[in-house]
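> Predicted model, plus sequence, below.
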Amino acid sequence: MLVMKTSLYLLILILTTQVFAQKNKPEDFGFRHLKITYKGDAVDILIKSKKGEELKRKPIFLFCQGSLPQPLIKKEGDKTYSVFPFKTDSLEIDYHIVIISKPFVPLVVEAKTLGRNIVYQDLETGKIPKEYSNRNILDYYVERNLKVIDYLEKLPFVDNSKLIVAGHSEGSTIAAKLALKCKKITHLIYSSGCPLGRIMAMISQDRATDSDTDSTRYGESEFDYWEQVVNDKSNMDDTNGDTFKATYDFSIPPIEYLEKLTIPVLVSYGTKDWSAPYNDYLRVEMIRQKKRNFTFKAYIGLEHNFFPLTITGQPNFDIFNWDNVANDWGKWIKLPKN
């Protein structure tokens, strides 16, 4: 379930590499590394700032990444994958960019030791750490991020006049619920999410690969899986990937959080994403509710990670649009109405 049943934060990061000589600490890669504890767990926080302006007072731009237990810094020889899916240069002018590590996943790891989809696995067992699976639930991330925000706002280089939270894929759900709970957040960017919840994204993905034969009715099988989840929604068994609890919690429709917000919200998505129709529905519904605080940016012909599709329906990784998307985010924040 872990790989195919969630919106993936895929290998697009390989497209932007930087060269470093045998370095193993976040500081070696241009980040400040802060640590706090939450419920006894170590929480690693990386901050990317414009060089020379690390101590200049600026608002925080918190990015909530997508699913899967991927280390933030993945090395491959003398190169490293980008921590963010976009270049942060333009955003660094006005903000300190923050990202938080996944629980019980090391910060810096050699990419060759990682599993499929650059997922971290315990070197002894070859499995995803149980400690990660036990914490890979919506409310853990939301409450942990609340504590991180409380910590960051007290730092001398943080300007608390604004607090922008952006979430992509699974991170969009975390960001949406976080924005509902945290009144300090002034702007929300909801990117490539599924407003009707994870299970609907899973069904849509499988419907796209259905054929006319009984043996390939993948979408139909999701309803059986969902019934199992609903009947045992607190189950924390991760044998087949995501726990039932994770699937259930992330399947609560985020529209329930979004429609209650009064702060400026930007919804960005590709029209070829499996969840695009549900973002279109969110757009229709926000118009019906006369929610003037919502802005929608549909990227025509692009998929979940903003790549165009080839004639065979596969992402064209040669055309990279993430930087354009991030630039659009920055422009939106600065609009007078926001």
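Done, it's in. None of the values given here were measured: they were computed from a predicted structure. Numbers count the residues shown, from 1 in each chain.

> For the stretch 101-250 of the chain, which segments count as helices?
130-135, 138-152, 170-181, 198-207, 218-231, 244-251 (DSSP state H, counting those that start in this stretch).

> other SSEs contacting the fourth one?
Using 3 or more CB pairs under 8 Å, 6 or more residues apart in numbering; DSSP states H and E as the contact criterion, the neighbours of helix 198-207 among helices and strands are helix 218-231, helix 244-251, helix 276-288. Just so you know, the C-beta spots here come from the backbone N, C-alpha and C atoms, and that holds for glycine as well.

> okay, these, which one's buried deepest?
helix 244-251 (a mean of 23; mean count of other CB atoms under 10 Å).

> which other residues reach it?
1, 5-6, 133, 136-139, 170, 173, 197-200, 226, 228-230, 232-237 (CB atoms under 8 Å, 6 or more residues apart in numbering).

> Let me have the helices of the stretch 101-250 of the chain in JSON lines, adding mean pLDDT as columns.
Output for the helices of the stretch 101-250 of the chain, formatted as JSON lines (pLDDT from 0 to 100):
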{"stretch": "helix 130-135", "mean pLDDT": "96"}
{"stretch": "helix 138-152", "mean pLDDT": "98"}
{"stretch": "helix 170-181", "mean pLDDT": "98"}
{"stretch": "helix 198-207", "mean pLDDT": "93"}
{"stretch": "helix 218-231", "mean pLDDT": "92"}
{"stretch": "helix 244-251", "mean pLDDT": "98"}
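
> Redo the ones you listed as TSV? Include distance to P315.
Converted to TSV, those look like this (distance: least, CB to CB, whole Å):
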stretch	distance to P315
helix 130-135	27
helix 138-152	27
helix 170-181	18
helix 198-207	14
helix 218-231	20
helix 244-251	23
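
> so where's the stretch 51-200 of the chain uncertain?
78 (pLDDT under 70).

> Go again with 90.
75-82, 111-113, 115-118, 122-127 (pLDDT under 90).

> longest strand in the chain, by residue count?
strand 158-168 (DSSP state E).

> Check which helices and strands it sits against.
strand 58-64, helix 170-181, strand 187-191, helix 322-333.

> Switch these over to CSV; also include distance to E256 and mean neighbour count.
Shown next, in CSV, are the helices and strands packed on strand 158-168 (distance: least, CB to CB, whole Å; neighbours: other CB atoms under 10 Å):
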stretch, distance to E256, mean neighbour count
strand 58-64, 18, 24
helix 170-181, 9, 25
strand 187-191, 13, 26
helix 322-333, 24, 18
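
> closest to M286 out of those?
Proximity to M286 (CB to CB) singles out strand 187-191 among these, at 11.3 Å.

> Pull the residues that contact that closest one.
162-169, 171-172, 175-176, 179, 254, 258, 261, 263-269, 325, 329, 332-333, 338.

> mind listing what the longest strand of the chain pairs with, with the direction of each?
Within its sheet, and counting by DSSP bridges, strand 158-168 is paired with strand 58-64 (parallel), strand 187-191 (parallel).

> would JSON lines of these with distance to F296 be doable?
Below are those laid out as JSON lines (distance: least, CB to CB, whole Å):
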{"stretch": "strand 58-64", "distance to F296": "19"}
{"stretch": "strand 187-191", "distance to F296": "10"}
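
> gap between N240 and Q228?
11 Å (CB to CB, to the nearest Å).

> Please disregard the earlier target; I meant T295.
For T295, the distance to Q228 - CB to CB - is 38 Å.

> now do I118
In terms of CB to CB, I118 sits 29 Å off from Q228.

> Same question for K74.
From K74 to Q228 the distance is 34 Å (CB to CB).

> same check, this time on G115
Taken as CB to CB, the span from G115 to Q228 is 25 Å.

> just to revisit the earlier point, selection in PyMOL covering whichever of the contacts of helix 244-251 are buried, please.
Here is the PyMOL command that selects the buried residues among the contacts of helix 244-251 (16 or more other CB atoms under 10 Å):
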select buried, resi 1+5+6+133+136+137+138+170+173+197+198+199+200+226+229
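
> returning to that earlier point: closest one to K50 among the helices of the stretch 101-250 of the chain?
Comparing these by CB to CB, helix 138-152 comes nearest, at 17.1 Å.

> Which other helices and strands does that closest one contact?
The contact analysis (3+ CB pairs under 8 Å, 6+ apart) places helix 138-152 against strand 32-38, strand 41-48, strand 58-64, strand 96-100, helix 170-181, helix 244-251.

> what's the spacing between it and its chain's center?
15 Å (CA atoms, centre = their mean, to the nearest Å).

> just stretch 74-87 next, same as before
Using CA atoms, centre = their mean, the offset of stretch 74-87 from its chain centre is 17 Å.

> What's the local residue count around E143?
By other CB atoms under 10 Å, the residues close to E143 number 15.

> got the contact list for it?
E143 neighbours (CB under 8 Å, 6+ apart): Y38.
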